[in-house]
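Visitor: Here is the input, now give the coordinates:
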Amino acid sequence: MRQLIRFLWNSSRGHHLAPWRSPYLRWRMETYSGLKMDKIGVVEFWGFLFRERKQLGRFLKWTAEMEHYARPKPKNP
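Guide: Numbering: from 1, shown residues only. Coordinates of the predicted model:
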């Protein structure tokens with residue numbers, strides 16, 4: 001859940017309280033699902049998140065793993 005909120009916050013820059021208005025998220029939804037950007041509203045956005053929640057969960061798990069590789073913790077504390 002924390003990963004989802006963090007991803008939504010970072011990817012909806014400028015549209016934090018209305019992530020369905022974020023051009024980046026709308027573009028990502030269009031490329032993944034084929035929905036047109038101008039047709040994506042509140043209902044379509046949350047419906048997409050609900051329908052694809054398993055795939056999105058796997059994606060967020062993968063991004064957390066990749067971030068772990070990109071920003072390793074220092075060996076000397």
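
Visitor: What segments of the protein are helices?
Guide: Counting by DSSP state H, the chain has helices at residues 2-11, 23-33, 42-51, 53-70.

Visitor: For the second one, give me every contacting residue.
Guide: When you say that, I think you mean helix 23-33. Under the contact criterion Cβ atoms under 8 Å, 6 or more residues apart in numbering, helix 23-33 has outside partners 8, 11-13, 19-20, 35-37, 40, 45, 48, 52. Using the backbone N, CA and C atoms, a C-beta is placed for each residue, glycine as well.

Visitor: By neighbour count, which of the residues you listed wins?
Guide: Neighbour counts for the contacts of helix 23-33 were taken using other Cβ atoms under 10 Å; the highest belongs to Ile40, with 21 neighbours.

Visitor: Next up, the contacts around that residue.
Guide: For Ile40, the contacting residues are Trp20, Arg26, Met29, Glu30, Phe48, by Cβ under 8 Å, 6+ apart.

Visitor: switch the cut-off to 10 Å
Guide: Applying Cβ atoms under 10 Å, 6 or more residues apart in numbering, we find Ile40 in contact with Trp20, Arg21, Ser22, Leu25, Arg26, Trp27, Met29, Glu30, Ser33, Gly47, Phe48.

Visitor: cool, and Gln3?
Guide: Residues in contact with Gln3, defined by Cβ under 10 Å, 6+ apart, are Leu56, Gly57, Phe59, Leu60, Lys61, Trp62, Thr63, Ala64, Glu67.

Visitor: Of the contacts of Ile40, just the buried ones, PyMOL syntax please.
Guide: Selection of the buried residues among the contacts of Ile40 in PyMOL, burial being defined by 16 or more other Cβ atoms under 10 Å:
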select buried, resi 20+22+25+26+29+48
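
Visitor: which among the contacts of Ile40 gets closest to Arg2?
Guide: Minimum distance to Arg2 across the contacts of Ile40 is 18.3 Å, recorded for Leu25 (Cβ to Cβ).

Visitor: how about the CA coordinates for the helix or strand of the chain with the lowest mean pLDDT, as PDB?
Guide: None of the helices or strands of the chain scores lower by mean pLDDT, DSSP states H and E than helix 2-11, at a mean of 82. This file holds the C-alpha atoms of helix 2-11, laid out as PDB (Å, rounded to 0.1, in the frame of the first residue of the first chain):
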ATOM      1  CA  ARG A   2       2.800   2.400   0.900                       C
ATOM      2  CA  GLN A   3       4.400   1.800  -2.600                       C
ATOM      3  CA  LEU A   4       1.100   2.600  -4.300                       C
ATOM      4  CA  ILE A   5       0.700   5.900  -2.500                       C
ATOM      5  CA  ARG A   6       4.300   6.800  -3.100                       C
ATOM      6  CA  PHE A   7       4.100   6.000  -6.800                       C
ATOM      7  CA  LEU A   8       0.800   8.000  -7.200                       C
ATOM      8  CA  TRP A   9       2.300  10.900  -5.300                       C
ATOM      9  CA  ASN A  10       5.500  11.000  -7.400                       C
ATOM     10  CA  SER A  11       3.800  10.400 -10.700                       C
END
